[in-house]
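Q: what's the 3D shape of this:
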Amino acid sequence: MSSHELIYVSLATREMSPEDLIELLQQSREKNARLNVTGLLVYHRREFMQLLEGSKADIFSLYDTICRDDRNQQNRLLWDGPMTQRAFADWSMAFIAPDKLDLERMPAYSTFLETGFIAQVSGAPKSLAKSFLISLRDDFLRR
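A: The predicted structure follows:
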């Protein structure tokens, strides 16, 4: 079966507490493990950006469920396409909250995060979001 990837952004309907995020992650990891879906979820200032990897049918079914979830709104699909190798193969759902990072040491992220995901990706090349997520993964793995 071929692998597919999907990247989207959305806005949380309210500020997510640490407890809300833990519950969301537990639900996501359990469901993703059952579906053989991997990826990364980033939450920053009420915005989500997520990359999902798996079979095309599974990730689009999951994305449909996410779009109907009342915890987020303004879902915008940024990219979907076939892939040759998963970028997050070992993570049923990795999670990064960039507001916990020292952005002064990471100038490449500061503009992206200060302006916001939705504002940054409007009209930008679709590869910008994927490059940002891959950079976060690589920095996370170096720690």
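Q: Can you get me the start-to-end distance on stretch 81-90?
A: 20 Å (Cα to Cα, to the nearest Å).
Q: er, stretch 64-72 actually
A: Criterion Cα to Cα; first-to-last residue distance in stretch 64-72 is 12 Å.
Q: who touches it?
A: Outside stretch 64-72, the residues within contact range by Cβ atoms under 8 Å, 6 or more residues apart in numbering are 8, 10, 11, 12, 13, 16, 20, 24, 48, 50, 75. For the C-beta atoms, the positions are set from N, CA and C on the backbone; glycine is no exception.
Q: Of these, select the buried ones using a ChimeraX command.
A: To isolate the buried ones among the contacts of stretch 64-72 in ChimeraX, judged by 16 or more other Cβ atoms under 10 Å, type:
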select :8,10,11,12,16,24,48,50,75
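Q: Secondary structure for the contacts of stretch 64-72 - can I get that in TSV?
A: What follows is these, written out as TSV (DSSP: H, G, I helix; E, B strand; the rest coil):
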residue	secondary structure
8	strand
10	strand
11	strand
12	strand
13	coil
16	coil
20	helix
24	helix
48	strand
50	strand
75	strand
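Q: partners of the host helix or strand of residue 95 in the sheet?
A: Per DSSP states H and E, residue 95 falls inside strand 94-96. Strand 94-96 sits in its sheet next to strand 38-44 (parallel), going by DSSP bridges.
Q: from the chain's centre, how far out does the strand it pairs with sit?
A: Offset of strand 38-44 from its chain centre (Cα atoms, centre = their mean, to the nearest Å): 3 Å.
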